[in-house]
Structure formats: structure tokens, C-alpha cells
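Trainee: Turn this into a model:
(one chain, ligands or ions: 2)
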Amino acid sequence: MSGNNVGEGLIQHKDNTGNQLFPVFLKLNELHTVLIGAGNVGLEKLTAILNNCNSATITVIGREVLPEVSRLSEHYAGVTIRQKSFEAIDLDIADIVVAATDDSELNKQIRLAAKARKLLINVADKPELCDFYLGSVVKKGDLKLGISTNGKSPTVAKRIKEVLNTALPDELDITLQQLNDLRNNLTGDFAYKVKELNRITAMLSTQDKGKEDKPLP
Ligand SMILES: C[C@@]1(CC(=O)O)C2=NC(=C\c3[nH]c(c(CCC(=O)O)c3CC(=O)O)Cc3[nH]c(c(CC(=O)O)c3CCC(=O)O)/C=C3\N/C(=C\2)[C@@H](CCC(=O)O)[C@]3(C)CC(=O)O)/[C@H]1CCC(=O)O
Ligand SMILES: NC(=O)c1ccc[n+]([C@@H]2O[C@H](COP(=O)([O-])OP(=O)(O)OC[C@H]3O[C@@H](n4cnc5c(N)ncnc54)[C@H](O)[C@@H]3O)[C@@H](O)[C@H]2O)c1
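Mentor: Numbering: from 1, shown residues only. Ligands and ions are numbered 1, 2, ... in the order given. I've put the predicted structure just below:
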């Protein structure tokens, strides 16, 4: 929005090797997720979603439902459990789909049903069937970082999450709230605001800012 050099350098970098995933942050409280599979992996994916968005709307479909899945869902108003076999029409209510069944043929059928409805799908632990991957997530208040290893090693993603969780100071969230106040109260035209916000935050990215990680004055 504010950069003057948008697109510059892009034309020279046309090779499509390397990590081609584009990170996005989904508003799962405004979208309907349908999760098929309510076993161990289904529980993992449900937990990952709810850890990030406790008001997510999720319909969980499973022929058998692990008691842990039922127990967890009792604490979240947005989660509905439907104990049944999967049918393609189950996806009619979906905005996005996560499949986590133990039947690889069924997972492929679920993908086809999702594609027929132009829905994005993650088939847990099956990269070749995924439109998107779940990532490891670092949280500091409103700050959230998503980590992906391009599917190379989810374990490394988890470890990097742990490192960053420890390394990033909790005060970062205070800084974020202060900058938000400032952003809302700055007067002047757009170009002036961009310049001001960049000037005030310059010290956050300089190498020799000193050893202190204090919130902004
Ligand atoms: C990040 C995280 C998010 C989440 O799931 O919430 C996530 N996996 C996590 C953990 C984890 N998963 C697995 C292990 C066991 C050790 C190991 O294999 O490393 C551990 C570690 C553990 O549990 O300790 C098994 C596994 N996972 C995949 C395969 C298949 C394959 O690689 O071919 C297999 C082998 C299955 C088998 O052997 O049958 C594939 C995927 N897993 C992804 C995400 C996507 C790529 C993310 C990226 O780009 O890095 C992708 C491609 C698709 C997807 O599922 O979205 C979450 C960390 C949560 C955290 O931060 O705590
Ligand atoms: N458990 C793990 O940690 C782990 C790790 C790596 C890979 N995997 C693989 O992931 C897959 C899922 O594992 P899991 O441990 O969650 O299995 P699971 O048996 O605990 O759960 C499978 C779920 O799929 C549901 N299901 C199967 N057919 C269905 C249908 N027709 N309609 C609706 N629901 C249906 C079952 O009812 C159940 O809820 C397996 O292929 C497994 O090999 C599991």
C-alpha cells in the first residue's frame, strides 16, 4: 500500500523452486470449518484450531468420536459434533475443510468433494492432498507468527516455535498496543502517517539499538 517500489525485483525472480507457500491468517470465527475424522489426528487439528480461535465455528464429523473430542467440544460453543459417516453434502455448509480420517481412499473422496465445491482443504499429514498446511504458531498477545518448513519437518517447525516463544519479549505486545493507540490518534494525511510510524519504530529493527527491549516511550 505504501511502498514505492512494488513489483521491483519480482521480474528477475521467476524460478518456482523453494518454498512457494503464501502465509495467510484466517478469521475462523467468521468461516465455517468442517473437520472430518474425530480420532487422534482429528483431536490434534481441533485443538490447534481452538488454541488459535476459541470462537471458531467447526462441525466435526466422525463415524466414531474419541471421548476427548466430545469433552473438548463441550467447552466451545462454536463446535458441533455429528456422529455419522461422511457424505459429500456435509460440505455444503463448509468454507474450509480439514480431513483427518484413517481411510486414505475416503480422504481422497473428501478432497474431490471439496474441489467440486471450490473449497480449500487440508488433509492432515498428507501434503500431496493439501491446498494449505497448518503451521506452528507463536503467540505474544496480538502478535502471531506462523511457521512452516514447506512440509520438510513439522518437528523443526515446533522447535522453532519454542525458540521464538522464549526469545520474543512479552513486552512486544505492550509495544503493539501503544503503536495501535498512536496509529489511531495520528492526524495528517496517509503519507505523513506512514512516515511518522516508520520514524517512531525505526529503532525496533536496528541492530545496535542497545540491549534493552523496553516498550516504546
Ligand atoms: C506444524 C504442525 C501444525 C499442526 O498440525 O497443528 C504440523 N504438524 C505438526 C506436528 C507433527 N506432525 C507430524 C509429527 C511427527 C514427527 C514428524 O514427522 O516430523 C509432528 C511433530 C510432533 O507431533 O511432535 C507428522 C507428520 N506431519 C506431516 C506428515 C506427512 C509428511 O511429512 O509427508 C507427517 C508424517 C506422518 C506419518 O509418518 O505418517 C505433514 C504436515 N504436518 C504439518 C503441520 C504440515 C507441514 C508444516 C510445515 O510446513 O512445516 C503438513 C505438510 C500438512 C498438515 O498436516 O497440515 C504441527 C506442529 C504443532 C506445534 O507447533 O506444536
Ligand atoms: N495417531 C497419530 O498420531 C498418527 C500419526 C501419523 C499418521 N497417522 C495417520 O493418520 C490417520 C488418522 O489417524 P488417527 O489416529 O486419527 O485414526 P483414528 O482411528 O483415531 O481416527 C480416525 C477417524 O476417522 C473416522 N472415520 C473413518 N471413516 C469414516 C467415515 N466413512 N465417515 C466419517 N468418519 C470416518 C473415524 O470414525 C475416526 O473418528 C491414519 O491414517 C494414521 O495412520 C496417525
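Trainee: Quick one: end-to-end length of stretch 86-106, please.
Mentor: Stretch 86-106 stretches 9 Å from its first residue to its last (CA to CA, to the nearest Å).
Trainee: check whether that stretch contacts ligand 1.
Mentor: No - Stretch 86-106 stays clear of ligand 1 (CB under 6 Å from any ligand atom), getting no nearer than 8.4 Å. No exception for glycine: its C-beta is placed from N, CA and C like everyone else's.
Trainee: So for that stretch, what gets flagged as buried?
Mentor: Phe86, Asp90, Leu91, Ala94, Asp95, Ile96, Val97, Val98, Ala99, Ala100, Thr101, Leu106 (16 or more other CB atoms under 10 Å).
Trainee: which ones are touching the fourth one?
Mentor: Right, Ala94. His32, Thr33, Val34, Thr59, Ala114, Arg117, Leu119 (CB atoms under 8 Å, 6 or more residues apart in numbering).
Trainee: With the last one instead?
Mentor: Listed by CB under 8 Å, 6+ apart, the contact partners of Leu106 are Phe86, Ala99.
Trainee: coming back round to it: which members of the contacts of Ala94 are classed as buried?
Mentor: Counted by 16+ other CB under 10 Å, these give His32, Thr33, Val34, Thr59, Ala114, Leu119 as buried.
Trainee: re earlier: is it possible to get JSON lines of the contacts of Ala94 that adds secondary structure?
Mentor: Putting these into JSON lines (DSSP: H, G, I helix; E, B strand; the rest coil) gives the following:
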{"residue": "His32", "secondary structure": "strand"}
{"residue": "Thr33", "secondary structure": "strand"}
{"residue": "Val34", "secondary structure": "strand"}
{"residue": "Thr59", "secondary structure": "strand"}
{"residue": "Ala114", "secondary structure": "helix"}
{"residue": "Arg117", "secondary structure": "coil"}
{"residue": "Leu119", "secondary structure": "coil"}
